[in-house]
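**Q** fold the following for me, if possible:
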Amino acid sequence: MIILPSAHNFADAAMERLLHIVEETGAVLLATGPLGIDAYWRSSDRLNDILGKRELRNVRREEVLMLQGQVLPVSFGHRRIAEVTKETIIQKNGGSSTIDTVVNLPLGKGRLLWSPLPVELSERRDTTAALYRYAVNAAFVERDFEWISGGDLAGIYGRKLSFATGALFTFVSEYAQDAKIEVRDSATGRTYSFVLEQERSVLFATDSKGDLLGVYRPQEVEIHVNYP
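**A** Next up, the predicted model:
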C-alpha cells in the first residue's frame, strides 16, 4: 500500500514511477487532492486517460466526500480555503460532478484510489481515518496484532516488528494515566496483558511460537501471557 497525501504539485517523473510500481507489483495507491498539478504548479492533463478530464476548484468551508455510499464531512477552516484546491471530474455533458466521490480503479496489477479532496489538510480527522481504513481494506493489509484493550486511548502507541525467529513488541505512552493494555498476536494467537505506566515504555521479545524471551525492565514490568 502506497499513500500519496495531498501532494498538490508532484513531478511527472515521480508520478510515472509511482504508477509503474502499482501496475507491476499489484500495490494499492491512495492519492488525495489534485493530481494534475505538476512540479511547477502548472495545471496539466496528467492521468486524464485514467480518471478522465478534471478541473481545479477552490475548496469551500464545508465540503463533503462520498465514500461507499456514505457522505462524509470535510471542513477547511481559517486560511485553508485560500491555500488549497480540489479537482472536479468533468462529465461528458460538460458539467462537473455534483459531489466529490472516492474513485477506485484497476491499474495494471494494482489499484488506484483517489479522493478529489485533500482530506489530510482538512479539520475532519474522522473522515481521513475512514478513507485510510477503506484503503487498508482494499489493500488487504493484515494487522500484526489485535488491540483488546488500550488501543483507543490517545497517546498510546504499539507496534510489533517480526523477524525470522520471533518478534519484538514495543509500546510507548504519552498518556496522563497508567493504562491496562491487552493485545492478541495475529500470528500465534497468544494474548499479552500488562500495565503501561504513564509516559513510560514497555518492550518485550517473543520466539516464533509466542513464548516470552525477554522483557525490558523486568523488575518493573510484568507481562501476562495467555495461550489460545
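
**Q** show me where the protein has helices.
**A** For the chain, helices defined by DSSP state H occupy the ranges 12-25, 48-51, 80-83, 125-138.

**Q** point to the residue nearest the middle of the chain.
**A** residue 132 (4.0 Å; C-alpha atoms, centre = their mean).

**Q** what's the distance between that residue and residue 48?
**A** Separation of residue 132 from residue 48 (C-beta to C-beta, to the nearest Å) stands at 26 Å. In short, each C-beta sits where N, CA and C put it, glycine included.

**Q** format the helices of the chain as a markdown table; extra columns: distance to residue 173.
**A** Listed next are the helices of the chain as a markdown table, based on distance: least, C-beta to C-beta, whole Å:
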| stretch | distance to residue 173 |
| --- | --- |
| helix 12-25 | 36 |
| helix 48-51 | 43 |
| helix 80-83 | 32 |
| helix 125-138 | 21 |
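
**Q** tell me which of the ones you listed is the most buried.
**A** helix 125-138 (a mean of 16; mean count of other C-beta atoms under 10 Å).

**Q** returning to that earlier point: can you put the helices of the chain in TSV and add mean pLDDT and distance to residue 72?
**A** TSV is the format used below for those (pLDDT from 0 to 100; distance: least, C-beta to C-beta, whole Å):
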stretch	mean pLDDT	distance to residue 72
helix 12-25	96	25
helix 48-51	93	20
helix 80-83	90	17
helix 125-138	95	4
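
**Q** out of the ones you listed, flag the one nearest residue 167.
**A** Closest of these to residue 167 is helix 125-138, at 20.7 Å (criterion: C-beta to C-beta).

**Q** and the closest one, what does it pack against?
**A** strand 28-32, strand 62-67, strand 70-75, strand 110-115 (3 or more C-beta pairs under 8 Å, 6 or more residues apart in numbering; DSSP states H and E).

**Q** of all those strands, which one is nearest residue 52?
**A** strand 110-115 (11.0 Å).

**Q** quick check, distance from the closest one to the centre of its chain.
**A** Its chain's average C-alpha position is 13 Å from that of strand 110-115, according to C-alpha atoms, centre = their mean, to the nearest Å.

**Q** which other residues reach it?
**A** 19, 22-23, 25-33, 35, 50-51, 65, 100, 102-106, 131, 134-135, 138 (C-beta atoms under 8 Å, 6 or more residues apart in numbering).

**Q** pLDDT of that strand, averaged?
**A** Average pLDDT, strand 110-115: 97.

**Q** angle of it against helix 125-138?
**A** When axes from the mean of the first three to the mean of the last three C-alpha atoms, to 10 degrees is applied, the directions of strand 110-115 and helix 125-138 differ by 170 degrees.

**Q** partner strands of strand 110-115, with direction?
**A** If you go by DSSP bridges, strand 110-115 pairs up with strand 28-32 (parallel), strand 103-107 (antiparallel).

**Q** need the contact partners of the first one.
**A** Think strand 28-32. Contacts of strand 28-32 (C-beta under 8 Å, 6+ apart): 1-7, 18-19, 21-22, 107, 110-115, 117-120, 131-132, 135, 138-139.

**Q** show me which of the residues you listed are buried.
**A** 4, 6-7, 18-19, 22, 107, 110-115, 117-120, 131-132, 135, 139 (16 or more other C-beta atoms under 10 Å).

**Q** residue 190 is in contact with residue 148, correct?
**A** No. Look at residue 148 against residue 190 with C-beta atoms under 8 Å: they stay out of range, at 12.0 Å.
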